[in-house]
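Visitor: Sequence isn't available, so here's the structure alone:
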């Protein structure tokens, strides 16, 4: 009889410890999702029983590839391109390679990217999640894959998450419009399937309520330039004198619609957008934006992930990055293109 | 004695066939780099000798992962972000997943990305190459990895390549400046370590020579916004009345410098840039650009790669995509921001 057949299996260890097989497996791979005391107990039992994990499975599970996977919903969105670039810079400084996937805002493409990363045995994943993938993400996380969510939350998940909290900046933006008498205000909202779409819309409504300026106008958009352009068109037609765009891509769409109509931003219409990029600065009058400090978010997400790869649980599990409302310095305030 | 030890090895097959071990290996893996007749002969000999490749190595080599790798030098460059997005769209339609790497214009990072792709056993690679990696790329290609180079050539390489040929558009641009009497013309060149940097500079010089307008001015730049800004500053100080920027990022830099100085493009200074992106269109006067048809290049590169993955050699080995000089339609030609 093969000697290996007499060895204790993972199932034996789990039975002896009174845990599920997956908990035993996680404990033995040092997964921080299992409480330290439980982990220590299961490891002791495994040693006592002479348990030796299947070498191949062990190699598959434990050998570091020194590679992390990053998945974002768009690469032509400067905000996410900057995020990926900043994560790679941090990973590279820590001696890790970065492979990138683009989920194109689709759950099936994201699921596919996660599968590819798992097959490729990356050491960890930083992911902008979609609701449609929450079960898969949670499953991977529970089975020991270090994962950090970035930019968007997954409701009810226990996966460490770094997001920005734009509520204060959104309230400030609404206040600026209100003080300038630029009403009605139109808000271009992101999709309700994203936490950023939901939380920013809620922040907009709360800000309007607190200022007592009533309902204002909301366009339920999507994170694309074209949805931003459509939304701007609809809101301008509805008489809005100020537009607040709920992300980068819709901000571009708003600028496009203003160009189409020959409206000068800051003169004919007030506009506040999201995120910083050369396009928003290199305008006759730079566009005021809510900046999410993408570099800081990327850095925090990477260091949380790096810690998890080395067995540490990030604290806190939810990190919020504050946002800042600002107008990029006009290079030349008397730029002739800026005067109507 | 272990039965496996009596089996014919790859070395035995190579000796019997009178080829090198690597040729025998490539023939047995169906690599199209080995002539069909030779391939058939080596496969016959292997069968006769009862050669069975090491199962694990075989699995590593032959099992398709249905994943391709794409590596570009920057993701915050809209041109490359669009390229990756278009390649992924084609790959996805063909049932393949795409993983992406960002070489950051560094040879060592590119070498690292290629190693990761090889370790991950992608079915093929589309790569914007760097001179510093030509030996590694050629080695991978020769050992059977399907590779297509895109955007830039590698001198003397036999790897299938899709590039754009901008010479005609560059000559047209110089002609437009010359006809308008906008001289001297300043050219912001890409780096000499890239084929695009070299060939576009050559095309600029040839166009000036053919028009008999003499030496004009050249700034040896790099593919970044900051180099473009510095170059524009230097060339404007040198009295240039027209600027031709040799890539997207330097075009942004030129626009930035014009904003800083309060110069209105199309009025105070003539500018022609490279590639299309919202930033160039959403200006008081849209910027005239040399468009590389990145979608077409990406589609051609993917289909060449897909053919190679299935054993076909692309014809021709070098594909050139023509470029087009055009000004994006101004949404509103009377846009007040556009009138100085």
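Guide: Cool, got the structure. Computed from a predicted model, the values in this text were never measured in an experiment. Numbers count the residues shown, from 1 in each chain, chains lettered A, B, ... in the order given.

Visitor: The stretch 51-200 of chain A: helices as residue ranges?
Guide: Counting by DSSP state H, counting those that start in this stretch, the stretch 51-200 of chain A has helices at residues A:55-62, A:78-93, A:107-119, A:134-142, A:167-179, A:195-211.

Visitor: Just the mean pLDDT for the fifth one, thanks.
Guide: This means helix A:167-179. Mean per-residue pLDDT for helix A:167-179: 97.

Visitor: Can you pull the poorly scored residue ranges out of chain A?
Guide: Scanning chain A with the threshold set as pLDDT under 70 gives A:1-7, A:30, A:32, A:52-62, A:330-340.

Visitor: domain assignment for chain A?
Guide: Using automatic domain parsing, the domain parsing of chain A gives A:3-62, A:67-163+A:294-322, A:167-291.

Visitor: Residue A:78: what's it in contact with?
Guide: Residues in contact with residue A:78, defined by Cβ atoms under 8 Å, 6 or more residues apart in numbering or on different chains, are A:248, A:275, A:277, A:279, B:76, B:78. Yep, even glycine has a C-beta here, placed from its N, CA and C like the rest.

Visitor: And for residue A:10?
Guide: The neighbours of residue A:10, taking Cβ under 8 Å, 6+ apart as the test, are A:21, A:24-25, A:28, A:51, A:53.

Visitor: State the distance from it to residue A:24.
Guide: Plainly put, residue A:10 is 6 Å away from residue A:24 if you go by Cβ to Cβ, to the nearest Å.

Visitor: taking the helices of the stretch 51-200 of chain A together, which one is wrapped up most tightly?
Guide: Among the helices of the stretch 51-200 of chain A, the stretch with the highest mean neighbour count (mean count of other Cβ atoms under 10 Å in any protein chain shown) is helix A:78-93, at a mean of 22.

Visitor: got the angle between it and helix B:78-93?
Guide: Per axes from the mean of the first three to the mean of the last three Cα atoms, to 10 degrees, the angle that helix A:78-93 makes with helix B:78-93 is 90 degrees.

Visitor: Identify the residue nearest residue A:156 in space, chain neighbours excluded?
Guide: Nearest residue to residue A:156, sequence neighbours excluded (Cβ to Cβ, 6 or more residues apart in numbering or on different chains): residue A:134, at 7.9 Å.

Visitor: Am I right that the one you found is in contact with residue A:159?
Guide: No: assessed by Cβ atoms under 8 Å, residue A:134 is found out of contact with residue A:159, at 9.1 Å.

Visitor: Just put the contacts of residue A:78 in CSV and tack on distance to residue B:314.
Guide: Below are the contacts of residue A:78 laid out as CSV (distance: Cβ to Cβ, whole Å):
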residue, distance to residue B:314
A:248, 37
A:275, 40
A:277, 37
A:279, 37
B:76, 30
B:78, 27
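
Visitor: Which two of those have the greatest separation?
Guide: Every pair in these was compared (Cβ to Cβ); the two farthest apart turn out to be A:275 and B:78, at 14.7 Å.

Visitor: Specify the beta-bridge partners of the spatially closest residue to residue A:127 that is not a sequence neighbour.
Guide: Once flanking residues are discounted, residue A:127 sits nearest to residue A:71: 5.0 Å by Cβ to Cβ, 6+ apart. Beta-bridge pairing for residue A:71 (DSSP bridges): residue A:101, residue A:127.

Visitor: So what's the residue count around residue A:324?
Guide: For residue A:324, the neighbour count with other Cβ atoms under 10 Å in any protein chain shown is 15.

Visitor: okay but it is in contact with residue A:166, surely?
Guide: No: using Cβ under 8 Å, residue A:324 is not in contact with residue A:166, being 9.8 Å away.

Visitor: residues shared between the contacts of the two?
Guide: Here residue A:324 and residue A:166 share the contacting residues residue A:290, scored by Cβ under 8 Å, 6+ apart.

Visitor: contacts for stretch A:189-204?
Guide: For stretch A:189-204, the external contacting residues (Cβ under 8 Å, 6+ apart) are A:130-132, A:151-155, A:163, A:165-167, A:170-171, A:174, A:187, A:216, A:218-223, A:244, A:246-247, A:250.

Visitor: Selecting buried members of those residues in ChimeraX, what would you type?
Guide: In ChimeraX, a selection of the buried entries from the contacts of stretch A:189-204 looks like this (16 or more other Cβ atoms under 10 Å in any protein chain shown):
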select /A:130,151,152,153,154,163,165,166,167,170,171,174,187,216,218,219,221,222,223,244,246,247,250
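
Visitor: thinking in terms of the whole chain, how far from its middle is the host helix or strand of residue A:25?
Guide: Using DSSP states H and E, residue A:25 falls within helix A:21-28. Counting by Cα atoms, centre = their mean, to the nearest Å, helix A:21-28 is centred 29 Å from the centre of its parent chain.

Visitor: Residues touching it, excluding its own?
Guide: By Cβ under 8 Å, 6+ apart, the list of residues contacting helix A:21-28 from outside reads A:10-11, A:13-14, A:17, A:19, A:33-34, A:38-39, A:42-43, A:46, A:51, A:53, A:142-144.

Visitor: Buried among these? Need that as a selection in ChimeraX.
Guide: Paste this into ChimeraX to select the buried members of these, with burial taken from 16+ other Cβ under 10 Å:
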select /A:10,13,14,17,19,33,34,39,42,43,46,51,53,142,144
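
Visitor: Phi, psi for residue A:192 please.
Guide: The phi/psi pair for residue A:192 (degrees, to the nearest 10) reads phi -70, psi -10.

Visitor: Helices of the stretch 201-340 of chain A, residue ranges please.
Guide: Remark: helices assigned in the stretch 201-340 of chain A by DSSP H, counting those that start in this stretch are A:225-237, A:248-261, A:278-281, A:294-309.

Visitor: close to chain B, is the last one?
Guide: No: when contact is scored as Cβ under 8 Å from any Cβ of the partner chain, no part of helix A:294-309 falls within range of chain B; the minimum is 11.0 Å.

Visitor: ok now that helix, how far from the chain's centre?
Guide: What separates the centre of helix A:294-309 from the centre of its chain is 12 Å, taken as Cα atoms, centre = their mean.

Visitor: and that helix, what does it pack onto?
Guide: Contacts defined by 3 or more Cβ pairs under 8 Å, 6 or more residues apart in numbering or on different chains; DSSP states H and E place helix A:294-309 against strand A:67-72, helix A:78-93, strand A:124-127, strand A:147-150, strand A:161-165, strand A:318-322.

Visitor: before we move on, what about the second one?
Guide: Where contact means 3+ Cβ pairs under 8 Å, 6+ apart, helix A:248-261 is packed against strand A:185-189, helix A:225-237, strand A:242-245, strand A:270-274, helix A:278-281, helix B:278-281.

Visitor: list the buried ones in it?
Guide: Across helix A:248-261, burial judged by 16+ other Cβ under 10 Å covers A:248-261.

Visitor: Distance to residue B:240 added to the residues you listed, as CSV?
Guide: Converted to CSV, the buried residues of helix A:248-261 look like this (distance: Cβ to Cβ, whole Å):
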residue, distance to residue B:240
A:248, 33
A:249, 35
A:250, 37
A:251, 33
A:252, 30
A:253, 35
A:254, 34
A:255, 29
A:256, 31
A:257, 35
A:258, 31
A:259, 28
A:260, 32
A:261, 35
